[in-house]
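Trainee: dropping a prediction and its sequence here:
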Amino acid sequence: MEIDPGGPRLFDAVLLDRDGTLVEDVPYNGDPEKVRPVPGARAALDAVRAAGLRLAVVTNQSGLAKGLFTEAQMQAVHARIEELLGPFDAWLVCPHDDGDRCACRKPAPGLVYAAARELGTVPRRCVLIGDIGRDVTAALAAGAQAVLVPTPVTRPEEVDAAPWVAADLPGAVAEILRRQAAVVPREPRRAGTVLVVRSDSAGDVLVTGPGIRAVAAGAQRVVLLCGPHGRAAAELLPGVDEIVEHRLPWIDPAPGPADPDDIATLTATLAGVGADEAVIFTSFHQSPLPLALLLRTVGVRRIAAISDDYPGSLLDVRHRVPVGVPEPERALSLAAAAGFALADGDEPTLRVRADRFAGSNPALAEPGYVVVHPGASVPARACPPRRCAEIVAALADADHRVVVTGAPDERELTAYVAGDRAVDLGGRTPLADLAGVLAGARAVVVGNTGPAHLAAAVGTPVVSLFAPTVPFGQWGPWGVPTVRLGDAAAGCRDTRASFCPVPDHPCLAGLDPGEVVDAVGVLASR
């Protein structure tokens, strides 16, 4: 029976690795008497069942290929696990060894795809809990979310690279259920004119899209206040009726002096919107309170925002979100706290309006190429140009058609990276056109910058060359198959630096172009 996809639901199913995650890891176990559940497993799984989520086990069992136990012995072990932990909706087993080069052995994503099909859902509505990097890699490559629960065999670099880490299985389940509940309004409501705010870059506006659509589902009119860097993305968002563009000096990354006349103009603009209420979306390091004060002065009756700082009487809905929650979920949870949820049938994914872009660029004869986007809005997050050129050459050598994209001020960069091995579209793809180019791609190779989120919004898999200056779990591509590359433990980790604080940019300079080729192969094979 298929799961009903309607309503504000992040997850339909929880997938679990077996050994080390559900039960203690006994190498090549074929003996039911040796099954020992991890502490708290039964109660955690019962909580998942009670919440209406389905359960599946996805497990590598190379002992079958090695002849160390039989199929019957493995089934006996699984029967014992169900006797102790309750029933599972599906068991997905890879019987192969690494040398078999199958599509199902984790870190390949085949088991995750198979589990989603078996459970009547799609990978992006699944979350996988595992204890090693292979589990995380398989989940992300299928477009599912992943939780790492480290054990003594988990390598430190696997912990560093994981988007979401929990101390134990009960903790992982508790956070899954908390995040599921956070996007469901306790008191759904309707509204007239709502001002929504995201005064950031294009990528920031794109990841706020699900939250804005949730507001739009309950409002008669939605007006989006954005800055000049986010205007092009704002024009692509479904659910937005009007756009107001104004630079906010307390958020803009390169603000000029605070100008009383500019603030007076902003105040008059806000008054002209005639909003009944406002939902102020911000990143965790930004304050909504200066804008909330201005909105109070023009008579906005109800204001919702995330704020760790004491807001006094400036906010009617003061929402809190734990650090590390993905930005789209963060936005959805604020919308829910304000009483708004996605419309029935609206998937919790990034989206752009298809009518705002006309498909692939005329320079591209047919879809199926690989896009390499070497630039980034923040220099610390950009892969070094020489390495990008080597990646392009490696992809071309592997018989991929390669397209290089970039902003108008990156034409010199894109020409260098493309060389004579790729189509150079540098400076020729405004954001709406870039959406069309990305939509026709087999995969996009890009750092942590706006085009990564635009690729997710058009459903194109991402090879994420992710500099760890910000958390991957919060800012990585959301809801699409992804392979993360780069040194997650580099010295720039969590610095939020705009310019690389470590000589020679080690997080990305050491990338092996062959890894990128392999990652594209994994994503394209889905």
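Mentor: That came through, no problem. Numbers count the residues shown, from 1 in each chain.

Trainee: ok, which stretches of the stretch 301-450 of the chain are strands?
Mentor: For the stretch 301-450 of the chain, strands defined by DSSP state E, counting those that start in this stretch occupy the ranges 302-306, 317-319, 369-373, 402-404, 423-424, 441-447.

Trainee: let's have those in JSON lines, adding distance to residue 198.
Mentor: Placement of C-beta: from N, CA and C, glycine included. Converted to JSON lines, those look like this (distance: least, CB to CB, whole Å):
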{"stretch": "strand 302-306", "distance to residue 198": "11"}
{"stretch": "strand 317-319", "distance to residue 198": "15"}
{"stretch": "strand 369-373", "distance to residue 198": "22"}
{"stretch": "strand 402-404", "distance to residue 198": "29"}
{"stretch": "strand 423-424", "distance to residue 198": "32"}
{"stretch": "strand 441-447", "distance to residue 198": "21"}
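
Trainee: looking at those strands, which is nearest to residue 258?
Mentor: strand 302-306 (20.6 Å; CB to CB).

Trainee: now that closest one - C-alpha only, PDB.
Mentor: Extracted in PDB, the C-alpha atoms of strand 302-306 (Å, rounded to 0.1, in the frame of the first residue of the first chain):
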ATOM      1  CA  ARG A 302       1.500  40.000  13.900                       C
ATOM      2  CA  ILE A 303       5.100  39.200  13.300                       C
ATOM      3  CA  ALA A 304       6.800  35.800  13.400                       C
ATOM      4  CA  ALA A 305      10.600  35.100  13.300                       C
ATOM      5  CA  ILE A 306      13.300  32.900  14.700                       C
END
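
Trainee: adjacent strands (with direction) for it?
Mentor: Strand 302-306 pairs in its sheet with strand 277-280 (parallel), strand 317-319 (parallel), by DSSP bridges.

Trainee: for residue 217, find the nearest of the strands of the stretch 301-450 of the chain.
Mentor: Short answer: strand 302-306, nearest of the strands of the stretch 301-450 of the chain by CB to CB, at 15.4 Å.

Trainee: show me where the stretch 1-150 of the chain has its helices.
Mentor: Using DSSP state H, counting those that start in this stretch, the helices of the stretch 1-150 of the chain run over 41-50, 63-66, 71-85, 110-118, 133-142.

Trainee: repeat for the stretch 401-526 of the chain
Mentor: Applying DSSP H, counting those that start in this stretch to the stretch 401-526 of the chain gives helices spanning 411-418, 431-439, 450-457, 472-475, 506-509, 513-524.

Trainee: ok, residues contacting the fifth one?
Mentor: Outside helix 506-509, the residues that touch it by CB atoms under 8 Å, 6 or more residues apart in numbering are 382-384, 387, 447, 465, 467-468, 486-488, 490-493.

Trainee: for the residues you listed, which one is nearest residue 171?
Mentor: residue 488 (21.3 Å).

Trainee: which non-adjacent residue is nearest residue 78?
Mentor: residue 91 (5.9 Å; CB to CB, 6 or more residues apart in numbering).

Trainee: just checking, the one you found touches residue 56?
Mentor: Yes. Residue 91 is within contact range of residue 56, at 7.1 Å (criterion: CB atoms under 8 Å).

Trainee: the more surrounded of the two?
Mentor: Neighbour totals were compared for residue 91 and residue 56, and residue 56 leads with 23 against 17 (other CB atoms under 10 Å).

Trainee: and that one, what does it touch?
Mentor: 13, 14, 15, 16, 88, 89, 90, 91, 92, 115, 118, 119.
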